[in-house]
Every structure is written in structure tokens, then in C-alpha cells.
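Dropping a prediction and its sequence here:
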Amino acid sequence: MCIKRDKLYEILLDEELTDMIVKNVKTSSRMRTLLYNLRRSNTLKEGLLNGNISPEYFAKDMTHEEMMPRKQEQKIVPINDDRDGLVKCSRCDSMKTEYTEIHSLEYTTFLVYCKSCNHTSKI
Ligand SMILES: [Zn+2]
């Protein structure tokens, strides 16, 4: 555990935070996971350093998916979500829509999907 503690400290450069994490890590494979994710995520590192992520939670309960939210940007609101969307459907005037932003160099396009009539339109 000693060598890994040093590695953790190398990344965080914070003695107290490092100790709090090490204290709460139960297994060395868990420690490996934490080190692996910390090396690859500045968001995670900053979250711990500025206190947005609790070191206890990080050490014990945080899942791999929470540490590395790779697919977060593409996450679409589930279809059975019945709340009104922000955009009105151009075909049936329903507000039960969801949209995806598509960025290109010159402009941003919104793809609007209507849950009432399954119509998809670009705006
Ligand atoms: Zn519609």
C-alpha cells in the first residue's frame, strides 16, 4: 500500500487528502482503479482537490462509470420521460420533444425528436 500511497500523492500533491483516501480504500485492486481513473481525469482530480467530491465516497463507493463518464454527452433523456421538452414539434405542435445539438465549425444545428408523433426535424 505504501508505494501506491506515494503514487496517489504524486497525482494529488495533497498530503491530507491522500491520507483520507488511503485510509478508506479497502483493497489494493480498488486502489489501482482509483489511481487509474485519477491519472486520466482532471475533472476527478479537481473535484477532489476543491472538495466537490468527498474523499471517503471516492475511496469507497464511487463507481467506474461515475469516475469516467465517457458517454455522458450522448446521454439522451429516456423515451418514457413524459415531461415537456423545450421545443415545439413542427408537425403536431406537441411539446413532448427532446433535442440533440450537433456542432459543426460554422453553426449549431438542433435535431428535434417528437415523442408524440415520432417526427424528427432540424432547426
Ligand atoms: Zn410531433
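All right, it came through fine.

Kindly state the beta-bridge partners for the closest residue to Ser90 other than its chain neighbours.
Setting aside the residues directly before and after it, Ser90 is nearest to Ser121 in space (CB to CB, 6 or more residues apart in numbering), at 4.9 Å. C-beta: built from backbone N, CA, C; applies to glycine. Beta bridges link Ser121 to Val112 when assigned by DSSP bridges.

quick one: the strands in the protein?
For the chain, the strands defined by DSSP state E occupy 97-103, 108-114, 120-122.

nearest to the ion, of these?
Checking the strands of the chain against the ion by CB to the ion gives strand 108-114 as the closest, at 3.2 Å.

Whether that closest one contacts the ion - can you check?
Yes: applying CB under 5 Å from the ion, one finds strand 108-114 in contact with the ion at Cys114.

Quick check: can you list the domain ranges of this structure?
Residue ranges for each domain of the chain read 2-67, 75-122, as given by automatic domain parsing.

most tightly surrounded among those?
By mean neighbour count, with neighbours taken as mean count of other CB atoms under 10 Å, domain 2-67 ranks first of the domains of the chain at a mean of 14.

and it, average pLDDT?
Regarding domain 2-67, the rounded mean pLDDT is 91.

Tell me how far Asn50 lies from Ile21.
In this structure, Asn50 and Ile21 are 15 Å apart, going by CB to CB, to the nearest Å.

Could you do Leu34 as well?
Using CB to CB, which is the criterion applied here, Leu34 is 7 Å from Ile21.

Write out the residues of the chain neighbouring the ion.
For the chain, the residues in contact with the ion (CB under 5 Å from the ion) are 89, 91-92, 94, 114, 116-117, 119.

can I get the residues you listed in JSON lines with pLDDT?
JSON lines is the format used below for these (pLDDT from 0 to 100):
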{"residue": "Cys89", "pLDDT": "92"}
{"residue": "Arg91", "pLDDT": "94"}
{"residue": "Cys92", "pLDDT": "96"}
{"residue": "Ser94", "pLDDT": "93"}
{"residue": "Cys114", "pLDDT": "92"}
{"residue": "Ser116", "pLDDT": "91"}
{"residue": "Cys117", "pLDDT": "95"}
{"residue": "His119", "pLDDT": "93"}
